[in-house]
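[1] take this sequence and fold it.
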Amino acid sequence: MSDVTIKRALLSVSDKSGLVELGQALGRHGVELVSTGGTAKALREAGLEVKDISDLTGFPEMMDGRVKTLHPKVHGGLLAVRDNPEHVASMQEHEIGAIDLVVVNLYPFAATVAKGAAREEIIENIDIGGPSMVRSAAKNHESVAIVTDPADYARLITEMEEKAGATSYDFRRMLAAKAYAATAAYDSMIASWFAFADQGVQFPESLSVSSKLGSTLRYGENPHQSAALYLPVGGGSASGANGIAQARQIQGKELSYNNYNDADAALELVSEFRDGPPTVVIVKHANPCGVATGDTLIEAYEAALACDSVSAFGGIIAVNRPLDGPTAEAISGIFTEVVAAPDADEEAKAIFAKKKNLRLLLTGELPDPVRPGLQIKSIAGGLLVQSRDNGRISRDQLKVVTKRAPTEQELSDCLFAWTVAKHVKSNAIVYARGNSTAGIGAGQMNRLESARIAAWKAKDAADKAGWAEARTIGSAVASDAFFPFADGLLAAVEAGATAVIQPGGSIRDDEVIAAADEAGLAMVFTGMRHFRH
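    Model (predicted):
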């Protein structure tokens, strides 16, 4: 494929950044500029000679600008195959001039939705002529260059300077690929708005999810896997909220696939406490290994670390308050991969600066834990899609099922343990006392083993700290799903738990309740399960 000299360019952009510089560069190569509305005005104000689109088509812009480029003299000039005699004859017969370059970026649909505009304004920001020109130019990329991203203006200018005003086939092919990705993303945003926001459909017949490449990662979950981070385009139901992907990295090595995954797990859990007292979450392999609240962040950190100081080595930490110097100093005491915080003071930044490999992420406002949204998981041959687990239980929704009701402290510990258990891989058992985790059992094939592992971890923590007893003594225990048999509950009794919170709903609930009564436990049912696979 040969180079194509740009003789005529059609420019129609909503984003005017870089427009004048591009117009001036095109002018230096003697390119005829054809433009529309505000784009033509901006170019003229910069002293450039511009032909209006109406001069090209012979028709005025009409219907409030809805109809201006939808014309054979535009699309004929874009779609004509230059070495096809019949196409050339048609161009000559109908006085259609070739268009060699199209510069288009589309109406700001996503920004209009984001600002909370009325439906009428949103509809008016659905671009029709722009995507049509983009698709026509991209289809005929053998002869036409299509630029949809202002970030590519500099590349176009360089290309033309190196090729005496022409573009190469490889360059045009690259631009065409970006152009179709742009129109696909644009249509996806519109389809998502119609389905989710305008019509309130939870699972539309066609699910459109548009994302753009954020960064290519060093490798995936394992070194032999490749990986990348993609960012949502224009919001949408599946994108949820700003989070780890949008966090500002202050220092440290680039984040790995596992760093992103683990930091996301930590941020989602600490966000459950965003309106609560100072809270610290420590995560390892996407499971919390220590969670605590305190009067200060450093108190919360020390309590969270004491839950499982072995697993915390090389872990991920998330906090719900701006990070201060004393807490940063304490965190620096062991190897930590990532620390995520809404913000950090200068003392904390200076302390972490001494740990060159530690990644410090500043997230700004924490995500809303009860926000709606979709979670998507790929399986062989398809996608599994579900709503986010944004379920929460308040005190007045709990059902006391044992003879003894929980005390105020037990109730508080139950709800704390329940909140943490929601973020632990199933089967999940969490012991908590004094708003701090005492032991966590995660990801076992049966609930009894999770209860035993959590109790063993609590005893090991007590041995390492030199405590007289494990913190499971007098604790509350949470189970993410019902106890199918009394054995798991009895393991919690052996560990010293005095209160239990679980969903209930087993055919053996009566048996489990009887075992709790016999042990003198207080037990409440939530009626809500929190499986996490």
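[2] name all residues that make contact with the closest residue to residue 533 other than its chain neighbours.
    Closest residue in space to residue 533, ignoring its immediate chain neighbours: residue 426 at 6.1 Å, by C-beta to C-beta, 6 or more residues apart in numbering. The way it works is simple: take the backbone N, C-alpha and C, and place the C-beta from them, glycine included. Shown in contact with residue 426 (C-beta atoms under 8 Å, 6 or more residues apart in numbering): 443, 480, 481, 531, 532, 533.
[3] generate a PyMOL selection restricted to the buried entries among those.
    A single PyMOL command selects the buried members of the contacts of residue 426 (16 or more other C-beta atoms under 10 Å):
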select buried, resi 443+480+481+532
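[4] farthest pair within the contacts of residue 426?
    Spatially, the most separated pair among these is 443 and 481, at 13.1 Å (C-beta to C-beta).
[5] where along the stretch 301-450 of the chain do the helices fall?
    Using DSSP state H, counting those that start in this stretch, the helices of the stretch 301-450 of the chain run over 309-312, 325-331, 346-353, 408-421, 447-465.
[6] nearest to residue 168, of those helices?
    helix 346-353 (45.8 Å).
[7] mind listing what's buried along that closest one?
    348, 349, 351, 352.
[8] need phi/psi at the residue nearest to residue 533.
    phi -70, psi 150 (degrees, to the nearest 10).
[9] roughly how far does it sit from residue 341?
    Per C-beta to C-beta, to the nearest Å, residue 426 is found 29 Å from residue 341.
[10] so how far is residue 378 from residue 74?
    41 Å.
[11] state the pLDDT value of the closest residue to residue 5 other than its chain neighbours.
    Computed as C-beta to C-beta, 6+ apart, the closest residue to residue 5 that is not its neighbour in sequence is residue 166, at 4.4 Å. You'll see residue 166 listed with a pLDDT of 94.
[12] residue 166 against residue 6, yeah?
    Yes. The pair residue 166 / residue 6 is scored as a contact, 6.8 Å apart, by C-beta atoms under 8 Å.
[13] find residues that contact each of those two.
    Contacts common to residue 166 and residue 6, judged by C-beta under 8 Å, 6+ apart, are residue 160.
[14] of those two, which one has the most company?
    Under the criterion of other C-beta atoms under 10 Å, the comparison of residue 166 against residue 6 puts residue 6 first, with 23 against 18.
[15] tell me which residues touch the spatially closest residue to residue 38 that is not a sequence neighbour, please.
    Nearest non-adjacent residue to residue 38, counting by C-beta to C-beta, 6+ apart: residue 16, 7.5 Å away. For residue 16, the contact set (C-beta under 8 Å, 6+ apart) comprises 38, 39, 42.
[16] ranking by neighbours, what's the top pick from those?
    Most neighbours among the contacts of residue 16, by other C-beta under 10 Å: residue 39, with 23 neighbours.
[17] wait, what's in contact with that residue?
    Contacts of residue 39 (C-beta under 8 Å, 6+ apart): 11, 12, 13, 16, 19.
[18] what about the closest residue to residue 365 other than its chain neighbours, distance to residue 325?
    Using C-beta to C-beta, 6+ apart and skipping residues adjacent in sequence, the residue nearest residue 365 is residue 342, 6.7 Å away. Using C-beta to C-beta, residue 342 is found at 16 Å from residue 325.
[19] quick one: what helix or strand has residue 171 in it?
    helix 169-192 (DSSP states H and E).
[20] who touches that helix?
    Counting by C-beta under 8 Å, 6+ apart, 1-4, 106, 109-110, 113, 126-127, 131, 134-135, 137-139, 141-142, 144-149, 152, 155, 159, 204, 206, 208-210, 212, 233-238 sit against helix 169-192.
[21] flag every buried residue along the helix or strand just after that helix.
    Following helix 169-192 in sequence order, the next helix or strand is strand 211-217 (DSSP H and E). Under the neighbour-count criterion of 16+ other C-beta under 10 Å, strand 211-217 has 211, 217 buried.
[22] now do stretch 366-381
    Result for stretch 366-381 [16+ other C-beta under 10 Å]: buried residues 366, 367, 369, 373, 374.
[23] ends of that stretch, what's the gap?
    From its first residue to its last, stretch 366-381 covers 35 Å (C-alpha to C-alpha, to the nearest Å).
[24] identify the contacts common to residue 443 and residue 481.
    426, 427.
[25] tell me the one among the contacts of residue 39 nearest to residue 196.
    residue 13 (28.3 Å).
[26] okay, now the closest one: neighbour count?
    22.
[27] you'd agree it is up against residue 103?
    Yes. With contact defined as C-beta under 8 Å, residue 13 reaches residue 103; the gap is 6.4 Å.
[28] circling back: in TSV: the buried residues of helix 346-353, plus distance to residue 506 and pLDDT.
    Shown next, in TSV, are the buried residues of helix 346-353 (distance: C-beta to C-beta, whole Å; pLDDT from 0 to 100):
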residue	distance to residue 506	pLDDT
348	47	97
349	50	97
351	49	96
352	47	96
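[29] residue 497 touches residue 475, doesn't it?
    Yes. With contact defined as C-beta under 8 Å, residue 497 reaches residue 475; the gap is 5.1 Å.
[30] where do the contact lists of those two overlap?
    residue 431.
[31] may I have the least confident helix or strand in the chain by mean pLDDT as CSV, with CA atoms only?
    Within the chain, confidence by mean pLDDT, DSSP states H and E is lowest for helix 53-57 among all helices and strands, at a mean of 74. This file holds the C-alpha atoms of helix 53-57, laid out as CSV (Å, rounded to 0.1, in the frame of the first residue of the first chain):
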residue,chain,number,x,y,z
ILE,A,53,-19.2,22.1,5.3
SER,A,54,-22.2,23.8,3.7
ASP,A,55,-19.9,25.1,0.9
LEU,A,56,-18.9,21.5,0.3
THR,A,57,-22.3,20.0,0.3
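[32] from residue 76, how far out is the residue with the largest distance to the centre of the chain?
    Within the chain, residue 93 marks the point farthest from the mean C-alpha position, 53.1 Å out by C-alpha atoms, centre = their mean. From residue 93 over to residue 76 the distance is 10 Å, taken as C-beta to C-beta.
[33] likewise residue 166?
    Taking C-beta to C-beta, one finds residue 166 at 22 Å from residue 76.
[34] contacting residues for the residue nearest to residue 355 when sequence neighbours are not counted?
    Leaving aside its sequence neighbours, residue 355 sits nearest to residue 332 (C-beta to C-beta, 6+ apart; 5.9 Å). Counting by C-beta under 8 Å, 6+ apart, residue 332 makes contact with 351, 352, 354, 355, 358.
[35] any chance of those in a markdown table, with distance to residue 46 too?
    Formatted as a markdown table, these follow (distance: C-beta to C-beta, whole Å):
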| residue | distance to residue 46 |
| --- | --- |
| 351 | 50 |
| 352 | 47 |
| 354 | 50 |
| 355 | 50 |
| 358 | 48 |
